[in-house]
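In: sharing a sequence plus its predicted fold:
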Amino acid sequence: MSKSIKRRYDRGYIDATDKLRVFIESRNKVMFVEHDYVTSESARSAYNNAIDRIRCRGLVRVIVSNGELFMIRKDI
């Protein structure tokens, strides 16, 4: 008998990755991010994890200002 392996995907991570890819392709300098997380700090950590997974740490950084989340490009 084979065991079935269940995979759990963090939906927030998938959304963060998709928004991050759209932002990189859009060639904008700054992007305001609406999120469904409880706090903007937890959203920032999810986006930082997505940045590490996509390997674009040199292109994009995520900041929180007044409880709102922004992505900023470093190369433009």
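Out: Thanks, I have it. Just so it is clear, the structure is predicted and the values come from calculations on it, not from any experiment.
In: got the contact list for residue 58?
Out: Applying Cβ atoms under 8 Å, 6 or more residues apart in numbering to residue 58 gives the contacts 74, 75. Heads up, the C-betas are built off the backbone N, CA and C, glycines and all.
In: check which helix or strand covers residue 71.
Out: Secondary structure from DSSP states H and E places residue 71 in strand 68-73.
In: pull out the buried residues from that strand.
Out: Within strand 68-73, the residues scored as buried using 16 or more other Cβ atoms under 10 Å are 69, 70, 71, 73.
In: show me how far it is from its chain's centre.
Out: Relative to the centre of its chain, strand 68-73 is centred 10 Å away, using Cα atoms, centre = their mean, to the nearest Å.
In: same question for stretch 30-47.
Out: Per Cα atoms, centre = their mean, the displacement of stretch 30-47 from the mean C-alpha position of its chain is 7 Å.
In: try stretch 52-64
Out: For stretch 52-64, the distance to the chain centre is 8 Å (Cα atoms, centre = their mean).
In: what's near enough to touch the most centrally placed residue in the chain?
Out: Nearest to the mean C-alpha position of the chain, by Cα atoms, centre = their mean, lies residue 47 at 2.7 Å. Residues in contact with residue 47 (Cβ under 8 Å, 6+ apart) are 16, 20, 33, 62, 69, 71.
In: what helix or strand does it sit in?
Out: Assigned by DSSP H and E, residue 47 falls within helix 40-54.
In: min pLDDT across the buried residues of strand 68-73, which one?
Out: Ranked by pLDDT, the buried residues of strand 68-73 bottom out at residue 69 (89).
In: what's across from it in the sheet?
Out: Beta-bridge partners for residue 69, by DSSP bridges, are residue 33, residue 64.
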